[in-house]
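K.L.:
need a structure here:
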Amino acid sequence: VGTTLASLVASQLVGRFGTATVSSITTLLMAGLLIAFAQAQSLLNFCLFSIPLGFGTGIIDCTLTKYATAKYSPSKLNFLYCFYSIGASISPLLMFISLNSSNDWRNGYELISLIMTIIAAITLIALPFVNKYSESAEDAETNTLIISLEKDRIVFSPGELIRIPAVRSACVLCFLTAGI
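P.N.:
Below is the predicted model of the structure:
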């Protein structure tokens, strides 16, 4: 649910605050949510914390993917996804190490939270330098989805986009596969 909601508002947040700020703040909030996961006492708490955690994941994914596809070549995008894959592989390994060494899954979430806090701190410290080279007004204006079809450009607002039956079906499928 959170990831789907994030995909609908990510472009407005980036347009208002910029890619670097949105990514930094979201990473910091996700680190806090992972600490909340580590301290959760019931399944209901996990369910409640998973919605904003999914929202944060969706914001970061949409924000960085949009930025990278606009600024870099496909070969550099491969590096981005390569590092994502490395992170996605390391996280379960860190959880395994935590479980193996202390028999406590909470330590694994705390460790990942610490790593995300360090990443957020680095990006927050770098924010003034990034803002010096901020996106142009054209790049920041991302409240519509633009699909290029050879020479024609078709522009959809989020409201128009959600009215397309195939888009609604894709959203439902995404929810069913990722949300359950």
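K.L.:
so what's Ile118 scoring on pLDDT?
P.N.:
Ile118 is assigned 89 on the pLDDT scale.
K.L.:
pull the contacting residues for it.
P.N.:
With contacts defined as Cβ atoms under 8 Å, 6 or more residues apart in numbering, Ile118 has no neighbours. Just so you know, the C-beta spots here come from the backbone N, C-alpha and C atoms, and that holds for glycine as well.
K.L.:
how about the strands in this structure?
P.N.:
Counting by DSSP state E, the chain has these strands, from start to end: 145-149, 152-156.
K.L.:
center of this structure - which residue?
P.N.:
By Cα atoms, centre = their mean, the mean C-alpha position of the chain lies nearest to Ile60, the distance being 2.3 Å.
K.L.:
mind showing which ranges of this protein have poor pLDDT?
P.N.:
1, 130-156, 173-180 (pLDDT under 70).
K.L.:
on that earlier part again, with adjacent residues omitted, what lies nearest to the residue nearest to the centre of the chain?
P.N.:
Nearest residue to Ile60, sequence neighbours excluded (Cβ to Cβ, 6 or more residues apart in numbering): Thr26, at 5.4 Å.
K.L.:
the residue nearest to the centre of the chain contacts Ala20, correct?
P.N.:
No: under the criterion of Cβ atoms under 8 Å, Ile60 is not in contact with Ala20, lying 11.9 Å apart.
K.L.:
isn't the residue nearest to Ile60 right next to Ile59, touching?
P.N.:
Yes: between Thr26 and Ile59 there is a contact under Cβ under 8 Å: 4.7 Å.
K.L.:
show me what contacts the residue lying closest to Thr117 once chain neighbours are set aside?
P.N.:
Nearest non-adjacent residue to Thr117, counting by Cβ to Cβ, 6+ apart: Ala31, 4.3 Å away. By Cβ under 8 Å, 6+ apart, Ala31 lies in contact with Ser113, Leu114, Met116, Thr117, Ala120.
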